[in-house]
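Asks: give me coordinates for this.
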Amino acid sequence: MQIITNFHRSMRQLSVALIAGIATCAVAHAEPQGFLETLKRNITLVNTVPDNGDQNPYALVVAPVTSGTIKKGDVLIDNFNNAANLQGTGSTIVNYHPDTKELTLFAQIPRDLKECPGGVGLSTAMTMLKTGWVIVGSTPSNDGTTGTKGAGCLVVLDSNGKIAKVLSSPNINDPWGNMAVLDNGDNATLFISMAGFGVGSADGNPPVFKQATVLRMDLDIPSGQAPVVKKETVVASGFGAQADKGVFLVGPTGLALSGDQKLLYISDAIGNRINVIEDPLTRDTSAGVGRQLTADGLLHRPLAMVTAPNGHLLVTNALNGQVIEIIPESGKQLYARWIDTDKAQSPPGNGDLFGIVMTPEGDGFYYVQDDVNTLVIAK
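Replies: You can find the predicted model right below:
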């Protein structure tokens, strides 16, 4: 009897252990590896075309504060093309209000803004500071081609959409990619990629110029006054940029700071890679192209980039409708998620994705599909 009792006791213990093991495996399996797998659907929110017909939405910014005509949580979107669909000629910033689901015009900047070399064509470089100032980049063209492009500028607008000042310098040549920003209120640091150096006509087989840079702009923001540039420093250089008839320019686009601000991540479209610049806030010289974090694999001409709540990088592809999640500590590409499956392009979504920005709650992200001029949310 004792042998049978011990056998039954052992079997019960084994059963408990197996059940616990299965439960542990289920819990482990349920824990998501990354951020993208927590998202369930993509929802089209609004058409982004304003009354003047501007097209090709590029930059996205979620308002950090309520100021002027902007409410905290509003989504600002700028346009790179005019109503005739000519690149480098868009001049409007629209404002999507999530609470009312309405779209309003925030600003319409004169196309021939004299203080801006070459005029105005609003690019993916845009931010709104905690003090309410909006700063947007211009990568302008006279006829929609790089053959007539100008060096452009940065336009500073108040929170009612009025021009406060225009920033231009020898370091500014076609502000191109989405900005990485550290905003302390009375001062701020902007990182902006400059893709225009050396780039000319897109006719024939245009060469790659390894002259693109990332510029750090240190700003002072006196109370009630527009930001003042305290210092400009080129922190990265030697990235490739190339004129392109289809997309105007191919160059470094996505910028994101690590959580401790000790690293700056750069999406190098020409190199099909993500690179890293060390000590971006304090360095006083260029790190060149820095070190490579990851390349190729799921990346297909990486564009806009943002940091997810888990610290991972989310990068949109230019050559298909996917966003890629990357672990920055290891460079591991976790997986791709289709966020644009439009089969009008080949592959689906090719050339459609530009801006990407996290929702204020961190439960998803906004992005644009520029072929159909829409703002979409993935959550």
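
Asks: shouldn't residue 379 be in contact with residue 36?
Replies: No - in this structure, residue 379 is not within contact of residue 36 by C-beta atoms under 8 Å, at 11.4 Å. Any C-beta I mention is one placed from the backbone N, CA and C, and that applies to glycine too.

Asks: and these two? Which one has more around it.
Replies: Taking neighbours as other C-beta atoms under 10 Å, residue 379 and residue 36 compare with residue 36 leading, 21 against 14.

Asks: which residues in the stretch 251-379 of the chain form strands?
Replies: 255-257, 263-268, 273-278, 291-295, 302-307, 313-317, 322-326, 333-338, 353-358, 365-369, 374-378 (DSSP state E, counting those that start in this stretch).

Asks: can you pull out the low-pLDDT segments for the chain?
Replies: Residue ranges of the chain with pLDDT under 70: 1-31.

Asks: and the closest residue in space to residue 189 that isn't next to it in sequence, what element?
Replies: Nearest-residue entry for residue 189: residue 182, 4.5 Å, with adjacent residues in sequence omitted and distances by C-beta to C-beta, 6 or more residues apart in numbering. Using DSSP states H and E, residue 182 sits in strand 180-183.

Asks: which neighbouring elements make contact with that strand?
Replies: strand 187-194, strand 255-257 (3 or more C-beta pairs under 8 Å, 6 or more residues apart in numbering; DSSP states H and E).

Asks: ok, back up a step: contacting residues for the residue nearest to residue 189?
Replies: If a contact means C-beta atoms under 8 Å, 6 or more residues apart in numbering, then residue 182 has 188-189, 257, 261, 281 as its contacts.

Asks: just the buried ones from those residues?
Replies: 188-189, 257 (16 or more other C-beta atoms under 10 Å).

Asks: related to what we said a few turns ago, buried sites along the strand holding residue 182?
Replies: Buried, per 16+ other C-beta under 10 Å, within strand 180-183: 180-181, 183.

Asks: ok, those residues vs residue 294, which is closest?
Replies: Distance to residue 294 across the buried residues of strand 180-183 (C-beta to C-beta) is lowest for residue 180, with 18.0 Å.

Asks: name the next helix or strand downstream of the helix or strand hosting residue 234, please.
Replies: Following DSSP H and E, one finds residue 234 within strand 228-244. Following strand 228-244 in sequence order, the next helix or strand is strand 248-250 (DSSP H and E).

Asks: residue 315 contacts residue 302, correct?
Replies: Yes - with contact defined as C-beta under 8 Å, residue 315 reaches residue 302; the gap is 4.7 Å.

Asks: now for those two: what residues contact both?
Replies: The contact sets of residue 315 and residue 302 overlap at 254, 267, 274, 324 (C-beta under 8 Å, 6+ apart).

Asks: which pair in these spans the largest distance?
Replies: Using C-beta to C-beta, the pair of these lying farthest apart is 254 and 324, separated by 10.8 Å.

Asks: any common contacting residues for the two?
Replies: With C-beta under 8 Å, 6+ apart, residue 254 and residue 324 have common neighbours 302, 315-316.

Asks: for residue 125, state which of the residues you listed is nearest.
Replies: Looking across the shared contacts of residue 254 and residue 324 and measuring by C-beta to C-beta, the closest to residue 125 is residue 316, at 15.6 Å.

Asks: measure how buried the closest one is and give me the count.
Replies: Neighbour tally, residue 316, other C-beta under 10 Å: 31.

Asks: which residues does it bridge with?
Replies: Counting by DSSP bridges, residue 316 forms beta bridges with residue 323.

Asks: contacts only, for it.
Replies: Counting by C-beta under 8 Å, 6+ apart, residue 316 touches 254, 302-305, 322-324, 339, 353-354, 356, 367.

Asks: one more: residue 334?
Replies: 33-34, 36, 312, 324-327.

Asks: save the helices and strands packed on strand 180-183 as TSV, and put in distance to residue 169 too.
Replies: Shown next, in TSV, are the helices and strands packed on strand 180-183 (distance: least, C-beta to C-beta, whole Å):
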stretch	distance to residue 169
strand 187-194	10
strand 255-257	19
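
Asks: nearest to residue 67, out of the ones you listed?
Replies: Here strand 187-194 is closest among the helices and strands packed on strand 180-183 (C-beta to C-beta), at 14.9 Å.

Asks: list the contacts of the closest one.
Replies: 125, 127, 129, 135, 137, 154, 171-177, 179-182, 212-221, 227, 230, 235, 239, 251-253, 255, 257, 264, 266, 280-281.

Asks: swap the cut-off to 6 Å and go again
Replies: Outside strand 187-194, the residues within contact range by C-beta atoms under 6 Å, 6 or more residues apart in numbering are 125, 129, 173, 175-177, 179-182, 213-220, 252, 255.

Asks: repeat that for stretch 152-160.
Replies: Residues from elsewhere that reach stretch 152-160 (C-beta under 6 Å, 6+ apart): 67-70, 107, 109, 116, 118, 132-140, 163-168, 174-175, 226.

Asks: chain center to that stretch: distance?
Replies: Chain-centre distance of stretch 152-160: 18 Å, with C-alpha atoms, centre = their mean, to the nearest Å.

Asks: so for it, what gets flagged as buried?
Replies: Of the residues in stretch 152-160, 152-159 count as buried by neighbour count, 16+ other C-beta under 10 Å.

Asks: stretch 231-245 too?
Replies: Going by 16+ other C-beta under 10 Å, stretch 231-245 has these buried residues: 233-237, 239-243.

Asks: now the residues you listed as JSON lines including distance to residue 47?
Replies: Formatted as JSON lines, those follow (distance: C-beta to C-beta, whole Å):
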{"residue": "233", "distance to residue 47": "40"}
{"residue": "234", "distance to residue 47": "38"}
{"residue": "235", "distance to residue 47": "38"}
{"residue": "236", "distance to residue 47": "36"}
{"residue": "237", "distance to residue 47": "39"}
{"residue": "239", "distance to residue 47": "34"}
{"residue": "240", "distance to residue 47": "34"}
{"residue": "241", "distance to residue 47": "31"}
{"residue": "242", "distance to residue 47": "31"}
{"residue": "243", "distance to residue 47": "30"}
